[in-house]
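J.: Next comes the sequence, and after it the predicted model I'd like to discuss.
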Amino acid sequence: MLKKERHAYILHQLNLHNKVLNAVLCADLGVSEDTVRRDLQELSDAGGLIKVHGGALSTAFYNVPFSNTEIYSQPQKKIIALKAMQLLKEGMFLLTSGGTTLLELVRTLPLNFRATLLTGSIPIINAAILHPQLELIVIGDKLSKDSKITVGAGAIEKISQIRADLCFLGTNAIDTQFGITDSDWEVVQVKKAMVAASAETICLAISEKLQSVQPIQVCQLEKIKYLITELEPNHPKLKPYWEKGITVL
């Protein structure tokens with residue numbers, strides 16, 4: 001693969017997942033770690049990403065607050081948010097992880113919508129503050145600057161005391177064999193706790209994330225009640241998921 005093609009692949013993975021790991025890029029691209037490091041350094045020097053230990057971060061995701069022009073596939077995420085609104089009822093306790101699709105959902109909520117929102121996501125907290133009828137409970141502990149979400153034992157303990165009606169799970173990758181996966185160990189532990197603390201879990205994902213895998217499993221598909229993408233529910237790409245018993249919207 002030519003360097004130009006490698007760079008395009010790396011930037012696309014950042015758009016999808018907000019973070020890339022050196023080891024995963026080595027395996028995907030079939031090149032040495034030295035090559036990956038050089039590629040990331042060149043892209044960093046050009047302002048295309050933020051190089052961190054073991055990988056890189058998306059420049060768009062790192063900047064808070066996000067504008068619509070900075071959010072990858074924002075029109076598709078808007079469709080997902082509007083579909084997710086079908087599942088909301090006033091008075092619900094809603095638990096959310098982080099990510100720009102969930103941010104779009106909170107921005108879409110009517111200003112008079114009454115519910116309780118529990119989250120540790122800094123961007124989502126900032127958006128929820130603008131909704132006067134939304135009760136906001138911040139799940140606090142150590143802040144992951146990479147993911148803009150609180151992590152750690154304190155956050156997990158607080159989540160374990162909650163019984164939420166719905167968990168809206170920001171999704172890094174979803175696959176019929178490996179389920180929901182992510183690349184950040186601490187974020188995965190928080191997501192596991194959120195799934196366990198909720199009556200139903202809803203996976204929000206643009207279709208590019210379907211049949212993709214990250215290194216650490218959050219949960220198997222059996223834990224997911226709903227999958228919401230921008231596609232029509234009968235789209236062929238979604239067949240493997242509704243065959244697994246997931247309600248696809």
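T.: Ah, there it is.
J.: Going by C-alpha atoms from here, please, whenever you check contacts or count neighbours.
T.: OK.
J.: dump the residue contacts of the residue nearest to the spatial centre of the chain.
T.: Centroid-nearest residue in the chain, with C-alpha atoms, centre = their mean: Gly170, separated by 3.2 Å. Residues in contact with Gly170 (C-alpha atoms under 8 Å, 6 or more residues apart in numbering) are 96-99, 101-102, 203-205.
J.: Among those residues, which are located in strands?
T.: In strands, judged by DSSP state E, the following of the contacts of Gly170 are found: 96, 203-204.
J.: what residue ranges in the protein score low on pLDDT?
T.: In the predicted model of the chain, residues 60-70 satisfy pLDDT under 70.
J.: Quick check: Cys26 vs Arg37, distance?
T.: Shown here: Cys26 relative to Arg37, a distance of 10 Å by C-alpha to C-alpha, to the nearest Å.
J.: And for Asn112?
T.: For Asn112, the distance to Arg37 - C-alpha to C-alpha - is 49 Å.
J.: neighbour-wise, which of those two wins?
T.: Counted by other C-alpha atoms under 10 Å, Asn112 and Arg37 do not tie: Arg37 has more neighbours, with 18 against 11.
J.: picking up where we left off before, looking at the ones in strands among the contacts of Gly170, which one is closest to Ile71?
T.: Minimum distance to Ile71 across the ones in strands among the contacts of Gly170 is 15.1 Å, recorded for Leu204 (C-alpha to C-alpha).
J.: So what sits opposite the closest one in the bridge?
T.: Gly170, Ile228 (DSSP bridges).
J.: what's the answer for Ile174, then?
T.: Bridge pairing for Ile174 - DSSP bridges - gives Ile180, Leu210.
J.: what ranges do the helices span in this structure?
T.: For the chain, applying DSSP state H gives helices covering 3-17, 22-29, 33-45, 59-62, 74-84, 100-108, 122-128, 153-160, 185-196, 239-242.
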